[in-house]
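Novice: 3D model of this:
(chains A, B and C)
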Amino acid sequence: MTGPEQSGSTDTRGSSRYNVCPAAELPEGERRVVVIGGRSIGVFNVGGRLFALRNRCPHQGGPLCDGRVFVWLESERPGHYRYDDDRYLVECPWHGWEFDLATGQSWFDPARARVRPYPVAIERARRPAGSAPGQVEPGPYTAEAFPVTIDEDCVIVDLGA
Amino acid sequence: MSELGSPVIDCDVHCEVPNVGALMPYLSRHWETRLTENAWTGPAGVAHSYPSPVAGEPIDTLEKLRESAPLADLERTILTCYYAVEMIRHPDLTKELASAVNQWLKSEWLDQDPQLLATLVVPVDYPQEAAQEIRKWTRADGFVQVLLPVVSQRTYGNRSYFPIYEAAQERGFVVALHFGGVSGGPPTPTGWPDLYLEESAGMSHVFQGQVLSLVAEGVFQEFPRLRFSLLESGVTWLPSLFWRLDKMWKSYRREIPWVQTAPSSILRERIRATVQPFDAPPDAQLAMNFVEEMELEDLLLYASDRPHVHGCDPTPMLALLEPDRRERILAGNARAWYGLE
Amino acid sequence: MAVTHDPATQQEDAAALRDELIDCDIHHMLPSQAALRPYLSHRWQRYHERFGLRQVLETQYWVTTTHVQAARGDAFPPSGLPPGSDLDFLRSQLLDHWGISYGVLNVTEVFQFSAQRGEYGTALTRAINDFTLAEWLIPEPRLRSSIAITADNAEAAITEIERLGADPRFVQVLMTLRNEAPMGNRRYWPIYRAAAKAGLPIAVHVGGIAGHAPSGAGWFSYYFEMHAGHIQAFQAHTASLVLSGVFDEIPELRIVFVEGGFSWAIPLAWRLDRLHGVLREEVPNLRFEPSHYLRRHFWFTTQPIEEPNTPNQFHSMVQALDLGDRLIFATDYPHWDFDAPDQALPRGLSVEAKRKIYSANARSLYGLPPAAAI
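Specialist: Residues are numbered from 1 along each chain as shown, chains lettered A, B, ... in the order given. Predicted structure coming up:
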């Protein structure tokens, strides 16, 4: 789900780390597109691995993270097809430009056509019950707490400095 | 030095078989007999491709070749004899005629003047036989390329043609796509043209379809050393095609995954185009502006395409270039391309 | 896979576009084949269900193309209907989102329907025009449409043009790209006369196969080639039209090339003029040189927009044939190669040049009134 940006809960130190959702809400094969830190970001769980990319294709601004995910396909010669099961591409739903989910680099011009990837991981975090994506400091915790909080594994994206 | 201040390599000059009799010494008894009994006067396809307003005076002797040279200081001349052998349906005759033309080129032209180079003709619709014919010859004979008429029965990227490319690559021959040929259907995607003018104008879009086919089908990956010359193509359609292919290629990876680099970058390495005719504004400066803006210089090979009549002349455009850039188009690019150092 | 969509990013882009926008190529679609039934007689309903469409040559390539239903991945309506078939969703995602004042429809099915032979083709094209009018043009005043015809059945085509041509909601007559003959062929001139008499341009949109190999040199292997190769047919039609003398006979005839690009036309114009200089005696009645007709009688939709290495290369091409008054903007919604209105045009266009491409050229071509609310 998307929603208005959460400006923060427990943290007042301007952390760039954001709690996207409880880990249980992003099982394998699912994705979420959220607005955090003023940016639209797609977070993916592919084969148990997490990826996060800016949700904007550098071509014409299309919603990149709404696109299909494919396994990396390579070929040196006509009629030959080789899959690298450890690499994935997301395909922009508009013109089909494909970007490496891990690095954000396009397959056709890795140096110049790319989107920003973000580090993403599952960490123990605290969030207000019923909250939307927010800037939350993951554990270990101080004594300060919200009236009602939940302490659980969450998907944390780091937007960087 | 020629009046353009540089030696010149003329990459497309047409010699003609003067009459069927000239090929008889190179034909088997069977075909010598059959062509005589049918009083065959030569292939209809040549006149179809070059009716009299554009054919020019045929160059069928060495003397006529020398007289027709428009520029002095011709370092090398690459002869092409378009005999429309691909328009012959009989599998034995098309093969034998191709071989006869090549033998005739060798003994009547290449053996007579070491300055001359030539283009092999092959039975295009029988790729295995075409490969056999290619393998009869080497660069030491004076052949530098293999002729494929640009209108064909299948697009030239098709894997069925790969035996031709394998043999050409092996022998170090360039493959030349040239104006002309037949497809077995109309030479457009949408029916038969009414006019020669229309069909001739349309030849440039057939070049475009063939080039995109070569890219899409992975010919340049399957044959990493193979090079293509575009002869008598008009040239200036290249930039628009480059842009379109690069743009679409980014969207079709999973269909043609062997095309791993941008089509324009592949083509800039693996194709060259002769400058006669050159479809451009008549003003030489405007024509050269286009060449520079679209970065075409490195792709150009000088050619007179004599004796064909095209209504244009590349020399005023070339005269606008500084000497070292001019020299590359007049000779340097061809020397590198055909390995004539 | 559950997908969430963030429209926030695109809202910013849409708001940045201040120009009036006329979209000259939108593909609406039947929600299902059953939706055509009310517009067909019983005989043709039954034929359509039991025998169906009989031109399969183009569809052979679709199995290996890389876009499902040729659509933008985000253009599948929440209603579950196919892309382009849900008017409310199209209003929201396209017309409202981009502030489009007018959109010209080319119904997706036309490329197969108008290639059908005989009375079946006539029945289908008539039905699809009636469907378009009833379910798209009447409910949505921003929309206009092409009149679908069977180009290779001139008599039926003329009947259809005469039936609908006076309705201002139909702004052009549509021929598909590949037909039995090049467009300058005299068999098509009665159609052009009928269209010109109705004040309608002839639009040519990619698609259709009349039975000729798509390259002039046999059959391609890949959809990439078919798609890239559309330019061949446009060039064949251009040469055929300008050399045929049809523009001397029917000076009001206007041609709109849809979804073909335009930059191939510049070297072709030079080539035609050069050859005409040598072969003039073959066309003694042609009053002017070929590029003259190209400049005066042809329009080109912008999509798929040329993407050269530099904006200057784009501008050079436009200026070489003075096409600034001849380019008309199109998105091609809902197809995957959609051009986003705020992103597609290259940098360096003046305010006036953009205004022409985004709306003024199309307004003048189609005689569209000023938009009600801009």
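
Novice: got the contact list for the helix or strand where C:F247 lies?
Specialist: Using DSSP states H and E, C:F247 sits in helix C:246-249. Residues outside helix C:246-249 that contact it (Cβ atoms under 8 Å, 6 or more residues apart in numbering or on different chains): C:G184, C:W189, C:Y192, C:L241, C:L253, C:N285, C:L286, C:R287, C:Y293, C:R296, C:H297. No exception for glycine: its C-beta is placed from N, CA and C like everyone else's.

Novice: Please render those residues as CSV that adds distance to chain A to the earlier fields.
Specialist: Formatted as CSV, the contacts of helix C:246-249 follow (distance: Cβ to the nearest Cβ, whole Å):
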residue, distance to chain A
C:G184, 34
C:W189, 39
C:Y192, 35
C:L241, 31
C:L253, 34
C:N285, 45
C:L286, 41
C:R287, 43
C:Y293, 34
C:R296, 32
C:H297, 31
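
Novice: List only buried entries from these.
Specialist: Among the contacts of helix C:246-249, those classed as buried by 16 or more other Cβ atoms under 10 Å in any protein chain shown are C:G184, C:W189, C:Y192, C:L241, C:L253, C:L286, C:Y293, C:H297.

Novice: sec struct for the third one, please.
Specialist: Of the three states, C:Y192 takes helix according to DSSP: H, G, I helix; E, B strand; the rest coil.

Novice: Contacts only, for it.
Specialist: C:I202, C:V246, C:I250, C:L253.

Novice: The residues you listed, buried ones only, as a ChimeraX selection?
Specialist: Command for ChimeraX that selects the buried part of the contacts of C:Y192, burial taken from 16+ other Cβ under 10 Å:
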select /C:202,246,250,253
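
Novice: Throw the contacts of C:Y192 into a markdown table and include pLDDT, thanks.
Specialist: Formatted as a markdown table, the contacts of C:Y192 follow (pLDDT from 0 to 100):
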| residue | pLDDT |
| --- | --- |
| C:I202 | 98 |
| C:V246 | 98 |
| C:I250 | 98 |
| C:L253 | 98 |
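
Novice: starting at the chain centroid, how far to the helix holding C:F247?
Specialist: In this view, helix C:246-249 has its centroid 23 Å away from the chain centroid, taken as Cα atoms, centre = their mean, to the nearest Å.

Novice: residues of it that come out buried?
Specialist: Buried residues in helix C:246-249 (16+ other Cβ under 10 Å): C:V246, C:F247.

Novice: Just the pLDDT at the residue in chain A that chain C sits nearest to, thanks.
Specialist: Among all residues of chain A, A:P93 sits closest to chain C, at 2.5 Å; criterion: Cβ to the nearest Cβ. We have a pLDDT of 95 for A:P93.

Novice: same deal with B:A72?
Specialist: 65.

Novice: and what of the one 3 residues further on?
Specialist: The predicted structure scores B:E75 at 93 on the pLDDT scale.

Novice: Show me what whichever strand or helix holds it is packed up against.
Specialist: Assigned by DSSP H and E, B:E75 belongs to strand B:74-80. Here strand B:74-80 touches strand B:8-14, strand B:116-120, strand B:143-151, going by 3 or more Cβ pairs under 8 Å, 6 or more residues apart in numbering or on different chains; DSSP states H and E.

Novice: thought C:A195 was touching C:G165?
Specialist: Yes: the pair C:A195 and C:G165 passes the contact test of Cβ atoms under 8 Å, sitting 7.5 Å apart.

Novice: Mind jotting down where the helices sit in the stretch 251-374 of chain C?
Specialist: Using DSSP state H, counting those that start in this stretch, the helices of the stretch 251-374 of chain C run over C:265-279, C:290-297, C:311-320, C:351-355, C:361-366.

Novice: Please list the residues outside the third one that contact it.
Specialist: Outside helix C:311-320, the residues that touch it by Cβ under 8 Å, 6+ apart are B:239-240, B:243, B:281, B:290, B:293-294, C:262-263, C:266, C:306, C:308, C:323-324, C:327, C:346-349.

Novice: So which bits of that helix are buried?
Specialist: C:Q313, C:F314, C:H315, C:S316, C:M317, C:V318, C:A320.

Novice: Export it to PDB, keeping only CA atoms.
Specialist: Written as PDB, here are the backbone C-alpha positions of helix C:311-320 (Å, rounded to 0.1, in the frame of the first residue of the first chain):
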ATOM      1  CA  PRO C 311      18.800  16.900 -29.900                       C
ATOM      2  CA  ASN C 312      20.500  18.800 -32.700                       C
ATOM      3  CA  GLN C 313      20.300  15.700 -34.900                       C
ATOM      4  CA  PHE C 314      16.500  15.700 -34.300                       C
ATOM      5  CA  HIS C 315      16.200  19.400 -35.200                       C
ATOM      6  CA  SER C 316      18.300  19.000 -38.300                       C
ATOM      7  CA  MET C 317      16.100  16.300 -39.700                       C
ATOM      8  CA  VAL C 318      12.900  18.300 -39.000                       C
ATOM      9  CA  GLN C 319      14.400  21.400 -40.700                       C
ATOM     10  CA  ALA C 320      15.800  19.500 -43.700                       C
END
